[in-house]
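[1] the sequence isn't on hand, but the structure is:
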């Protein structure tokens, strides 16, 4: 692994650790597993969606439909479980099939009609949000014994922190995604696609299958994220999670993945999520700051990381040019 | 090397695009253990043939046999699986992946369903060591030079396919040392029994590396010849499509003609750009037509790009009316009264969805500055003028230009520059892809323009065209201005002799 390739990730990691140390100096109580477990739980649904977004961005695309699919999922589960009396597991399975198929169709359109992902997923965003409204415009509460069982499940960490089912699910998803990205041919094809689609095609990468796979995976993970969100709020609401895809994109970029695709690590996205969570936690601890400070800090961080990435690219280009001159 | 058996046999290959024949009954045979050069000017059909062999295009007619078996590659992966691998000029690897990832993309060694990175690394090292490359295979591809990437691409293609290797302009961006490195790799692969097709426009390299050459022209095969029995002159005349008439005229007559530089108002001295065109002198007098001749890739178009400010020179000076000027952008060149009709009319010249009138008004608008818009009415009046004087058909200024024929598009572009009343107009292949009638009209127009005092530079691979219209012809070879011909010396044969050149410099 080249050092310049991992530099953005390492920078993110350093920023996170430094910020965490500073936070614990001001509020020593933040050093507990309880805080960390809460931080992960609060951001579990965002983290799961961000994993899908990481794959999409690595391939050089974008998925704007994530927030709407999460809202659709939560409304769908709430209505089928709460009103229609379906077993939650059946509802989960059905909604995952729907969201995966939804992603796959978007991937197909991107590939077959060669429409930019931005446009296709923008349409998908309206479509999914509209479908959510169609099912119900009200906030639908869920009361089901199975739900309570899952919500009661947790893993006790030493020090009193509790990892909820959703938090554990997010960590499992991250672990699986890291393996997919770095150790499978599908993962390698995603990086290849993000590097240069034409070259990848000439090298024999099954471009169409990979693109459909990427957006289907993002759809699946959006559905899973929607389930985690439903567990977290015990309700479904069609106005929920508006713009959450932008938070996911922010986490991916802060995690060191290039928006142009081809370079980045899934683990970086996890750190990106943790940084966002850390800022929220700090604001809660401080008690006087407005929660909008989260957005402001995220904005500043985004600028800083994009500038850092440009700097690295500029520097490595200059070094290459210098090498070329030496050879002449 | 006489005991060779045919490895790849293409017979009567035909391919048309929108009714235009790109390949017409082309035969091509590649033997085992040979390096076969595929030669021809732009648009001769080289790349179409290669794309058919490698499964990018489907052929309309003919047959391809590999090892005696009839094949029809459906796509690149299919051709690779059959044994035909390709390496393109713009190396088709991925800069964002490591060397090992590039070598094994799509066929990574796996253990328990997961990519075995360690084995992939070991295999990569072994593979590259056979090519004499001892490099860190875990480093990103982008950290290596073009030459190394080229060899990595070859290693991948050979490892994947193993029978036929097709190289499209592999040396275009390499220096002479890197070329030597690449050629030693190719010679070893040839000894291993591979059939290698190489497309290049460096004739020196053709004679250095290749055993046989096939020449295509206008979609047809001119011939396949053994290079050790093919004089360079004959090869060039095969490529340019001209029978030799007076081979007896020798190089002695090719000394550059003395120039009357003192009366030339536009002068370029030691003008050049490294890796593009070697420094040259050029003095342009009013009313003069200067032809530029040379094979594809000899630096013809690059010269035009330098003169028009599209590329910036890294040496030399330009003087206009005795004053030193910096031509650093097309905008600056237009301000100095230059005009340029590029070779790739469709991509560089016209804006297809704009009307004829708008296309004609473009350069004038650029010259007037964007703050002073040219009104619709002025545009139309201007267009009407030129449509009449150049006989552009159909005579409708509002028609989108993409619906006009090639010859009429060319006339519209000419009109665009004529509207600015330039003092120097550069025409790159002004008659390519247009019918014979329009061809003659454009030549006539060139003569009329210079009679009016405009200077013209005409780049063309049609030698008769150059000798017909130009007062002098500058000949380029391997990115150098190697000769200047005028007066009685200005004949097509002399141009070819100069291209063949007794002492061609090494490729830059």
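    Nice, thanks for sending it over. Remember, predicted model here, so these are calculated numbers, not experimental data.
[2] which bits of the stretch 1-150 of chain B sit near chain A?
    Among all residues of the stretch 1-150 of chain B, those adjacent to chain A (criterion: CB under 8 Å from any CB of the partner chain) are B:76-77, B:80, B:86, B:88, B:92-98, B:101-102, B:105-106, B:108, B:110, B:113-115, B:117, B:138-140, B:142-143, B:145. From N, CA and C alone the C-beta is placed, and that goes for glycine too.
[3] among those, which lie within helices?
    Among those, the residues falling in helices (DSSP state H) are B:76, B:77, B:80, B:101, B:102, B:117.
[4] mind putting the residues you listed in CSV, neighbour count included?
    What follows is these, written out as CSV (neighbours: other CB atoms under 10 Å in any protein chain shown):
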residue, neighbour count
B:76, 20
B:77, 18
B:80, 23
B:101, 25
B:102, 27
B:117, 19
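[5] same question for stretch B:489-508, mean pLDDT?
    The average pLDDT within stretch B:489-508 is 69.
[6] name the nearest residue to the most centrally placed residue in chain A, sequence neighbours excluded.
    In chain A, the centroid-proximal residue (CA atoms, centre = their mean) is residue A:50; its distance is 0.4 Å. Using CB to CB, 6 or more residues apart in numbering or on different chains and skipping the chain neighbours, the partner closest in space to residue A:50 is residue A:248 (4.1 Å).
[7] surely the one you found meets residue A:46?
    Yes. The pair residue A:248 / residue A:46 is scored as a contact, 6.3 Å apart, by CB atoms under 8 Å.
[8] of the two, who's got more company?
    Set residue A:248 next to residue A:46 and count neighbours by other CB atoms under 10 Å in any protein chain shown: residue A:248 wins out with 33 against 27.
[9] residues in contact with that one?
    Contacts for residue A:248 (CB atoms under 8 Å, 6 or more residues apart in numbering or on different chains) come out as A:46, A:49, A:50, A:52, A:53, A:66.
[10] from those residues, which is closest to chain B?
    Distance to chain B, by CB to the nearest CB, is smallest for residue A:53 among the contacts of residue A:248, at 18.6 Å.
[11] quick check on the residue nearest to the closest one when sequence neighbours are not counted: phi, psi?
    Counting by CB to CB, 6+ apart, residue A:53 lies nearest to residue A:248, which is 4.2 Å off, once chain neighbours are set aside. Main-chain torsions, residue A:248, degrees, to the nearest 10: phi -60, psi -40.
[12] just confirm residue B:268 is within a strand.
    Yes. Checked against DSSP: H, G, I helix; E, B strand; the rest coil, residue B:268 lies within a strand.
[13] chain neighbours aside, what residue packs nearest to it?
    Using CB to CB, 6+ apart, the closest residue to residue B:268 is residue B:282 (4.5 Å).
[14] on the three-state scheme, that neighbour is what?
    For residue B:282, the assignment made with three-state DSSP gives strand.
[15] how about residue A:160?
    Here residue A:160 takes the coil state, with states given by three-state DSSP.
[16] how far away is it from residue A:38?
    11 Å (CB to CB, to the nearest Å).
[17] swap in residue B:79?
    57 Å.
[18] which helix or strand in the chain has the lowest average pLDDT?
    The chain I'm using is chain A. Within chain A, no helix or strand scores below helix A:292-327, which has a mean of 74 by mean pLDDT, DSSP states H and E.
[19] actually, chain B is the one I wanted.
    Least confident helix or strand of chain B, by mean pLDDT, DSSP H and E, is helix B:436-451 with a mean of 73.
[20] where does pLDDT dip in the stretch 201-350 of chain B?
    Within the stretch 201-350 of chain B, the stretches with pLDDT under 70 are B:242-262, B:344-348.
[21] all strands for it, in order.
    In the stretch 201-350 of chain B, the strands defined using DSSP state E, counting those that start in this stretch lie at B:212-217, B:220-226, B:266-273, B:277-284, B:289-294, B:315-320, B:323-325, B:338-341.
[22] which residues in chain A form strands?
    For chain A, applying DSSP state E gives strands covering A:140-141, A:154-156, A:162-164, A:235-236.
[23] now whichever residue of the stretch 101-250 of chain B sits closest to chain A: how far from residue A:144?
    Of the residues in the stretch 101-250 of chain B, the one nearest chain A is residue B:114, at a distance of 4.2 Å by CB to the nearest CB. In this view, residue B:114 and residue A:144 are 38 Å apart by CB to CB.
[24] again with residue B:299
    Relative to residue A:144, residue B:299 is positioned 77 Å away (CB to CB).
[25] give me the more crowded residue out of the two.
    Neighbours per residue (other CB under 10 Å) separate residue B:299 from residue A:144, with residue B:299 holding more: 26 against 17.
[26] any idea how far chain A is from that one?
    18 Å (CB to the nearest CB, to the nearest Å).
[27] quick check: nearest residue in space to that residue, chain neighbours excluded?
    Nearest-residue entry for residue B:299: residue B:479, 4.0 Å, with adjacent residues in sequence omitted and distances by CB to CB, 6+ apart.
[28] now for the one you found, how many residues are close by?
    Counted with other CB under 10 Å, residues neighbouring residue B:479 total 25.
[29] wait, isn't it in contact with residue B:279?
    No. Under the criterion of CB under 8 Å, residue B:479 makes no contact with residue B:279, lying 10.6 Å away.
[30] can you pull out the strands in the stretch 401-508 of chain B?
    For the stretch 401-508 of chain B, the strands defined by DSSP E, counting those that start in this stretch cover B:424-428, B:455-459, B:472-477, B:480-486.
[31] okay, those strands in JSON lines with distance to residue A:270 next?
    Compiled in JSON lines, these are given as follows (distance: least, CB to CB, whole Å):
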{"stretch": "strand B:424-428", "distance to residue A:270": "55"}
{"stretch": "strand B:455-459", "distance to residue A:270": "58"}
{"stretch": "strand B:472-477", "distance to residue A:270": "58"}
{"stretch": "strand B:480-486", "distance to residue A:270": "58"}
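[32] do you know which of those strands lies nearest residue B:160?
    strand B:472-477 (36.2 Å; CB to CB).
[33] residues of the closest one that come out buried?
    Across strand B:472-477, burial judged by 16 or more other CB atoms under 10 Å in any protein chain shown covers B:472, B:473, B:474, B:475, B:476, B:477.
[34] so what's the first one up against?
    Looking back up the chat, that one is residue B:472. Listed by CB under 8 Å, 6+ apart, the contact set of residue B:472 reads B:257, B:288, B:290, B:291, B:484, B:485, B:486, B:490.
[35] go with 10 Å
    B:256-257, B:259, B:284-285, B:288-292, B:466, B:484-487, B:489-490 (CB atoms under 10 Å, 6 or more residues apart in numbering or on different chains).
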